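> One predicted model, sequence on top.
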Amino acid sequence: MSDALAANQKLNEIGNYDDTMNSRLSMNQSYVRVDQDNMKAWLFLMPLAVNEAKYTVNELEDFMKGNGIVSGYHKSNLKAMCKKSVYKREINVANGKPPEDGVDGYFEYHFDATKKEPEIKEDGTVDYASVNKLINVRVGDKLATYHQAAQGIDGEDVLGNVLKAKIAKDIPILRGTYVSRRDTENIYFAEREGKVELRDGKIDIQNIHEVFADVDINTGKIEFFGDVIINGNVESGVTIRAGRNIEVRGSVEAASLFAGGDVILQRGIQGQQRGRVSARGQVFAKFIEQTIINAGGDIVADTIMNSRVNTDGKVILSGKRGMLIGGYTHALLGVATSSIGNDVETRTVVHVGCEAEVIEKGISLKKREVQVRNMLSDLNEELEELKKKSAIYGEQQQKMLEITAAKVLPQEKELKEELAVLLDDQQEIQSMIAKGKGSSIRVDGNIYRGAVICISQLQMPVENNTMFMEYTIQGGLVVGNVIIR
């Protein structure tokens, strides 16, 4: 009991306790205890005499105030202590309110701005491709949203002392290249296509992705809206997709390259029958070997060997060698090379003009066009007949005619849409045929036995070695004319 008296005396000193107001509580050695940080208070009540009236809540609150406890009263506990006569136990009767700290302003990024780490797969292997994954954005894509600082709320301990909340601060606007901000919304947008990175708190959008090393299977797939430049080699199994140009300054193995622009292979490609290059623009290569090439523009190389090459432009084999050996080469606008085939008579097929498959497709499209037009004609006759009947018959019959018309009209719409597509496709084929007319195969050197010269739907096997020839169509035949230097 002496300890309780000592604690009570201390609180009386702190709280300026008035024992005249709380004589029963002070005289019977009840006390209040506060924890070290003044955030909780406990009340210890001594039992009353048998004939004494019970404690009241007001009486307990006055006792607590006298002991300096002025905030955070636990009303329900105080009521329970009075009602149930809870004695000789410390009961929590007051709790301070901790401060709610403010939140500093921050940026919410709408792309993965975290530092990449290799991903460990379920089988225990490491996926290094996850480290090199590019984040591409388009013009107008949302990059980041700024959330302004939210101020906190001050707290209070049980002694009534104010506990200040941490002051929240706003941070400067986001800096970056090709990034715009809407002031009223605090939203940042991309101003150009490219790869987006967060460096030292700044957003950077580049339309060139440059790799200063070899690209291998661990690098995995590279996909980028702009230009891709590889300063090393590209090994087998790699896929690179670029919205614009791809340039490889090393050698390329059995990789897959897809470009919305040009492909430039400074040391060529050895595709091992699995390599593939596709470009909407031109393809430039030191050599092309055992590779499938598709291009919208010219294909320019020193050597093409045992490959399947297809272009809507020209195939131009330049340099000292300028060799075209083996495989199949198609160029809509013509081929110019220093030699075709070799002295071991490797079969080498060279085709210019429009391929037979394209012409056959055009014929098939024309047949379908006739079918669709006939079907439309039948539907039009049916609709006209319905209109005539609807003017003659009664209301009930007209409703039946309307139901029939509701079925016929969607068919007519579908056929008209198909017809429009057919006409567009035929127009494209006719354009290709027109471009391919007059295409030639020019050889400023040797043409070896085993070569097959093809122009449009005509072909001519080379029976004997020859040289310095230009092949064109004359009088419905493939004719070779000697090049006069």
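Thanks, I have the structure now. It should be emphasised that the depicted structure is a prediction, and the values quoted were computed from it without experimental measurement.
> C-alpha only now, for contacts and for neighbours.
Fine.
> For the strand or helix carrying Phe258, which strands pair with it and how are they oriented?
Element membership for Phe258, per DSSP states H and E: strand 256-259. Strand pairing for strand 256-259, using DSSP bridges, gives strand 239-242 (parallel), strand 269-279 (parallel).
> Identify each buried residue in the longest one, please.
Taking 16 or more other CA atoms under 10 Å as the basis for neighbour counts, the residues of strand 269-279 that come out buried are Ile269, Gln270, Gly271, Gln272, Gly275, Arg276, Val277, Ser278, Ala279.
> what's it in contact with?
In this structure, residues lying in contact with strand 269-279 by CA atoms under 8 Å, 6 or more residues apart in numbering are 251-263, 285-297, 307.
> Phe189 is in contact with Ala144, isn't it?
Yes - between Phe189 and Ala144 there is a contact under CA atoms under 8 Å: 7.3 Å.
> pLDDT value on Glu197, please?
Note on Glu197: pLDDT of 82.
> neighbours of it, just the number please.
By the measure other CA atoms under 10 Å, the count of residues near Glu197 is 20.
> Kindly report the same for His74.
Using other CA under 10 Å, His74 has 14 neighbouring residues.
> In this structure it contacts Ile91, no?
No - using CA under 8 Å, His74 is not in contact with Ile91, being 9.8 Å away.
> and the next element down the chain from the lengthiest strand in the chain?
Ranked by residue count and defined by DSSP state E, the top strand of the chain is strand 283-295. Counting by DSSP H and E, the next helix or strand C-terminal to strand 283-295 is strand 299-305.
> From the contact counts, what lies against that following strand?
strand 283-295, strand 314-317, strand 323-325 (3 or more CA pairs under 8 Å, 6 or more residues apart in numbering; DSSP states H and E).
> Next one: Ile120, what pLDDT does it get?
Looking at Ile120, its pLDDT reads 53.
> Sorry, slip of the keys, the one I care about is Met305.
Note on Met305: pLDDT of 97.
> Can you spell out which residues form a bridge with it?
Note on Met305: beta-bridge partners by DSSP bridges are Glu289, Ile325.
> With Glu247 instead?
Under the criterion used (DSSP bridges), Glu247 bridges to Ile229, Ile264.
> mind listing what Ile153 touches?
Pro99, Glu100, Asp101, Gly102, Lys164, Ala165.
> Next, Gln411: secondary structure please.
Classification of Gln411 by DSSP: H, G, I helix; E, B strand; the rest coil places it in helix.
> can you pull out the helices in the protein?
With helices called from DSSP state H, the chain shows them at 2-15, 23-27, 57-66, 75-84, 356-392, 395-436.
> which of the residues in the fourth one are buried?
This points to helix 75-84. For helix 75-84, a neighbour-count test (16+ other CA under 10 Å) marks Asn77, Leu78, Lys79, Met81, Cys82 as buried.
> what pLDDT does Ser251 get?
Each residue has a pLDDT score; the one for Ser251 is 96.
> Touching, Val358 and Gln430? I think so.
No - the criterion here is CA under 8 Å, and Val358 misses it with Gln430 at 9.7 Å.
> Look up the closest residue to Tyr471, ignoring the ones flanking it.
Leaving aside its sequence neighbours, Tyr471 sits nearest to Gly480 (CA to CA, 6 or more residues apart in numbering; 4.4 Å).
> His209 too?
Spatially, and ignoring its direct neighbours in sequence, His209 is nearest to Val228 (4.9 Å; CA to CA, 6+ apart).
> Please report how far the one you found lies from Val349.
Val228 sits 33 Å away from Val349, going by CA to CA, to the nearest Å.
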